[in-house]
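Peer 1: Fold the following for me, if possible:
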Amino acid sequence: MAQQNNNNIKKVNDIEKKVVMTKRINKTTKGGRKGRFSALVIAGDKKGRVGYGLGKSVEVSVATKKATDEAKKNLKYVPIKPNGGLYHDIEANSGAVKLLIKTSPVGSGIVAGGVVRVILSLAGYKDACCKLIGSSNPINVAKTTIEALQKIKTHKEIAKIRFGSVGKAASEDKMENLLNKLYHGGYKKQQVQENITINDVIKKGEEK
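Peer 2: Got it, this is the predicted structure:
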């Protein structure tokens, strides 16, 4: 039976790790059943890099070490706002797992449980709200969560996709407010020219 470990956080070379699952597995052979242990480890630097690893061995410590090494090799970059929030809501499906991660006001913290909370925390997020539907298998949930975070795009990336070039003179505050509207369907790419700058769109929005 899987065991959830809540206090196994360690820091190695600026990369923190946490063992989120250890369980005993059996393999049936001609000679009988052979028992081993499986471990799931999440690793991250709280600066936008996070990954997970799975290790198996006849000893828990060896399985944990294998999982940690794999997690460090599989670190992925995920976009994070300067205040530790999400740029926009994101939804991901993988197998029987459906995950919804939504933005939250500053100071609300991470509203999530289990593996999702650990991944968001070790990635560096401070405010987020999550809803998990379907399977709660830790391995599948870890895979789906990291895939979802990798789909997040920054405001500049969204503006570039929708409007081509982005004016450098636009302030960060105006850009953030505008692009929040853009992401939620305030404007459509067909309504503007491909070479329009962000300043032109801001001016059009102020006129309205």
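Peer 1: In three-state terms, label E147 for me.
Peer 2: Classification of E147 into helix, strand or coil gives helix, according to DSSP: H, G, I helix; E, B strand; the rest coil.
Peer 1: Surely it touches G95?
Peer 2: No - under the criterion of C-beta atoms under 8 Å, E147 lies out of contact with G95, with a separation of 11.0 Å. C-beta: built from backbone N, CA, C; applies to glycine.
Peer 1: So which of the two has more stuff around it?
Peer 2: Of the pair E147 and G95, E147 is the one with more neighbours under other C-beta atoms under 10 Å, namely 16 against 11.
Peer 1: In this protein, where's the longest strand?
Peer 2: What stands out as the longest strand in the chain, according to DSSP state E, is strand 15-29.
Peer 1: If you count contacts, what does the next helix or strand after that one end up packed against?
Peer 2: Once strand 15-29 ends, the next helix or strand along the chain (criterion: DSSP states H and E) is strand 32-44. For strand 32-44, the contact count by 3 or more C-beta pairs under 8 Å, 6 or more residues apart in numbering; DSSP states H and E identifies strand 15-29, strand 49-57, helix 60-73, helix 114-123, helix 138-150 as packing neighbours.
Peer 1: what are the pairing partners of strand 32-44, and which direction each?
Peer 2: The strands that strand 32-44 pairs with in its sheet are strand 15-29 (antiparallel), strand 49-57 (antiparallel) (by DSSP bridges).
Peer 1: just those strands: most buried one?
Peer 2: Mean neighbour count (mean count of other C-beta atoms under 10 Å) peaks for strand 49-57 among those, with a mean of 21.
Peer 1: which residues make contact with it from outside it?
Peer 2: Applying C-beta atoms under 8 Å, 6 or more residues apart in numbering, the contact partners of strand 49-57 are 15, 25, 36-44, 62-78, 119, 122-124, 139, 142-143, 146, 149.
Peer 1: run the last query once more with 6 Å
Peer 2: Residues from elsewhere that reach strand 49-57, judged by C-beta atoms under 6 Å, 6 or more residues apart in numbering: 36, 38-44, 63, 66-67, 70-71, 74-77, 119, 122-123, 142.
Peer 1: so where is the protein shaky, pLDDT-wise?
Peer 2: Across the chain, residues meeting the criterion (pLDDT under 70) sit at 1-13, 162-208.
Peer 1: Please name the nearest non-neighbouring residue to the residue most central in space within it.
Peer 2: Using C-alpha atoms, centre = their mean, the residue of the chain that lies closest to the mean C-alpha position is L149, 3.2 Å off. Excluding its sequence neighbours, the residue lying closest to L149 (C-beta to C-beta, 6 or more residues apart in numbering) is V78, at 4.0 Å.
Peer 1: picking that back up, CSV for the helices and strands packed on strand 32-44, including distance to D89?
Peer 2: Putting those into CSV (distance: least, C-beta to C-beta, whole Å) gives the following:
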stretch, distance to D89
strand 15-29, 25
strand 49-57, 19
helix 60-73, 27
helix 114-123, 14
helix 138-150, 10
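Peer 1: So what touches stretch 77-92?
Peer 2: Outside stretch 77-92, the residues within contact range by C-beta under 6 Å, 6+ apart are 48-49, 99-103, 106, 123-128, 144, 147-149, 151-152, 154, 183.
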